[in-house]
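Asks: after the sequence you'll find the predicted model.
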Amino acid sequence: MAFAALDDAIPLYPVYALLFAAHGLSAGQISGLFVVWSSTAIALEVPSGAWADRVSRRRLLALGQVVRGLGFGLWTFLPSYPAFAAGFVLWGVGGSLTSGTEQAVVYDGLAAVGRAADYPRLMGLAGTARLLGDSAAVVLATPLLVVGGFRLAGAVSVAVCLVAAAVALSFPEPARAGRVDGSGGGPGEVVAGDGAAADSDEGGYLATLRAGLREAAGRRVVRAAVLLAALLPGLWAADEYLPLLADADGVPLPSVPLVLLPMVLAQAAATALAGRCARMRPVGVAALVAAGAACLAAGALVRHPAGFVAITAAMAALSLASVLVDARLQDAITGPARATVTSVAGFGAEVTSVLLYAAYAAGASAGLDVATLVAVFAAPIGLVALATPRWLPAPRPPTTAPGP
């Protein structure tokens, strides 16, 4: 839980778009930075997932935090468009090392002791810890901005990343299957120690990569869950523009984090319910997604800080739905390349995000304001809600043995 809390306890998070704007970047340039960020993650998402199925996952989690911290350091001490772009490249690298790795180490660890059914509850609590860390960052951001401006907020952000890396290195990591044959078959020898796979040579890596891609694309239930797990968080990237929406609604700069705080707390409360909602039927999850889309559009179109009440409800509903979708995906995976399959979903999410950022840049260039654009982004989330009853796997029966 400490790692999850630290992962989002970054004071720059609620204000980095404003940092860019303060250094003269236009809305189109800011969206361009988001494209750089997502493009880096797209290029590395699946290859890093296969790597996480071959080597120590805890070390990859630590490395991801260090790389991300380097990016925040560039933003803080060399603020300029090239430094912002380089920082997003580093963030994309760090994120790709973490994406899929965290879910895999948790699910496989639970499955090893026969407790895979606890995954939704545990990841829901981790999501709550992550959001509470985010809340602490939001609260801390205001005095940091007042006392030391963006530089102090950035320095604290770098320090948090380094502490998170140390926490990741303390994780227990169970032994796991090592050999994946060239046909993508089942696991072979089991190794101890870091949990790294037995074969770390190129052939072993490529066999793992093929096994993960084959399961993600070849099994209907996994393919549908991967699509849903890609589209929902990808479209949810509209939340990157909420600080700009608050600014457009007339919220003073130092108060922007405080306006976003109730939203983060509501998300934390919602993800804490994941264990209780783990057996929700697909139609119920679809209703959560639909409600989130409707509230997001309505809140944006109010064009007043009061609209964040509806946006808060939207973020809570979408947070809970995302945890449930991830849990159903993990239940559906049965092969030896869990991190690779999960990273395929992450790849899809990044592609979706890039398309959303490009749409925002195009809309801003056409003269649309941020409120209109955020409301428009809610429409495809509503379409995902329509697909959810067909794509989302049913909850695992309580009597079913946990997967590998």
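Replies: Perfect, thanks for sending it. Residues are numbered from 1 along each chain as shown.

Asks: list the contacts of the residue nearest to A290 when sequence neighbours are not counted.
Replies: Excluding the flanking residues, the one nearest A290 by Cβ to Cβ, 6 or more residues apart in numbering is A385, at 3.8 Å. Backbone N, C-alpha and C define where each C-beta goes, glycine included. The contact partners of A385, by Cβ atoms under 8 Å, 6 or more residues apart in numbering, come to 286-287, 289-290, 293.

Asks: for the residue nearest to S255 when sequence neighbours are not counted, which three-state class applies?
Replies: Once flanking residues are discounted, S255 sits nearest to T142: 7.3 Å by Cβ to Cβ, 6+ apart. Secondary structure, DSSP: H, G, I helix; E, B strand; the rest coil: T142 is helix.

Asks: ok, T142 touching L253?
Replies: No - T142 is beyond contact range of L253, at 9.5 Å (criterion: Cβ atoms under 8 Å).

Asks: these two: who's more crowded?
Replies: T142 (20 against 15; other Cβ atoms under 10 Å).

Asks: what's the pLDDT at the more buried one?
Replies: With respect to pLDDT, T142 scores 84.

Asks: G24 belongs to a helix?
Replies: No - read with three-state DSSP, G24 is coil and lies in no helix.

Asks: next, count neighbours for it.
Replies: With other Cβ under 10 Å as criterion, G24 counts 9.

Asks: same check on L61?
Replies: 25.

Asks: from memory C161 sits against Q65, does it?
Replies: Yes - with contact defined as Cβ under 8 Å, C161 reaches Q65; the gap is 4.8 Å.

Asks: and those two? Which one has more around it.
Replies: Remark: of C161 and Q65, Q65 carries more neighbours, 26 against 23, as counted by other Cβ under 10 Å.

Asks: element containing the more buried one, please.
Replies: Take DSSP states H and E as the rule and Q65 turns out to sit in helix 57-77.

Asks: what comes up buried for that helix?
Replies: 57-76 (16 or more other Cβ atoms under 10 Å).

Asks: so for it, what's the average pLDDT?
Replies: The model assigns helix 57-77 a mean pLDDT of 93.

Asks: show me what it is packed against.
Replies: helix 27-52, helix 81-98, helix 101-112, helix 119-169 (3 or more Cβ pairs under 8 Å, 6 or more residues apart in numbering; DSSP states H and E).

Asks: just the angle between that helix and helix 101-112, please?
Replies: 160 degrees (axes from the mean of the first three to the mean of the last three Cα atoms, to 10 degrees).

Asks: identify the residues contacting the closest residue to R57 other than its chain neighbours.
Replies: Excluding the flanking residues, the one nearest R57 by Cβ to Cβ, 6+ apart is V105, at 4.3 Å. Taking Cβ under 8 Å, 6+ apart, we find V105 in contact with 57-58, 61, 171, 173, 195.

Asks: assess the claim that G307 and L296 are in contact.
Replies: No - the criterion here is Cβ under 8 Å, and G307 misses it with L296 at 9.9 Å.

Asks: neighbour count: these two, which is higher?
Replies: Under the criterion of other Cβ under 10 Å, the comparison of G307 against L296 puts L296 first, with 30 against 22.

Asks: specify the local secondary structure of the more buried one.
Replies: Applying three-state DSSP: L296 is helix.

Asks: quick one, helices of the stretch 251-400 of the chain?
Replies: 256-272, 282-301, 308-332, 338-365, 370-391 (DSSP state H, counting those that start in this stretch).

Asks: okay, the ones you listed in TSV with distance to D249 and mean pLDDT next?
Replies: Formatted as TSV, those follow (distance: least, Cβ to Cβ, whole Å; pLDDT from 0 to 100):
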stretch	distance to D249	mean pLDDT
helix 256-272	8	85
helix 282-301	9	95
helix 308-332	8	93
helix 338-365	17	86
helix 370-391	8	93
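
Asks: of those, which is nearest G92?
Replies: For these, distance to G92 was read as Cβ to Cβ. The smallest value, 8.4 Å, belongs to helix 338-365.

Asks: report the distance from that closest one to the chain centre.
Replies: Offset of helix 338-365 from its chain centre (Cα atoms, centre = their mean, to the nearest Å): 11 Å.

Asks: that one vs helix 101-112, what angle?
Replies: 150 degrees.

Asks: what is helix 338-365 packed up against?
Replies: helix 27-52, helix 101-112, helix 202-218, helix 220-235, helix 308-332, helix 370-391.

Asks: let me know which of those is tucked in deepest.
Replies: Of all those, helix 308-332 has the most neighbours on average by mean count of other Cβ atoms under 10 Å, namely a mean of 25.

Asks: need the contact list for A237.
Replies: Shown in contact with A237 (Cβ under 8 Å, 6+ apart): 34, 352-353, 356-357.

Asks: buried ones among those?
Replies: The neighbour-count criterion (16+ other Cβ under 10 Å) marks 34, 352-353, 356-357 among the contacts of A237 as buried.

Asks: returning to what we had before: export the contacts of V105 to JSON lines and tack on distance to A364?
Replies: JSON lines is the format used below for the contacts of V105 (distance: Cβ to Cβ, whole Å):
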{"residue": "R57", "distance to A364": "39"}
{"residue": "R58", "distance to A364": "41"}
{"residue": "L61", "distance to A364": "35"}
{"residue": "F171", "distance to A364": "42"}
{"residue": "E173", "distance to A364": "45"}
{"residue": "G195", "distance to A364": "46"}
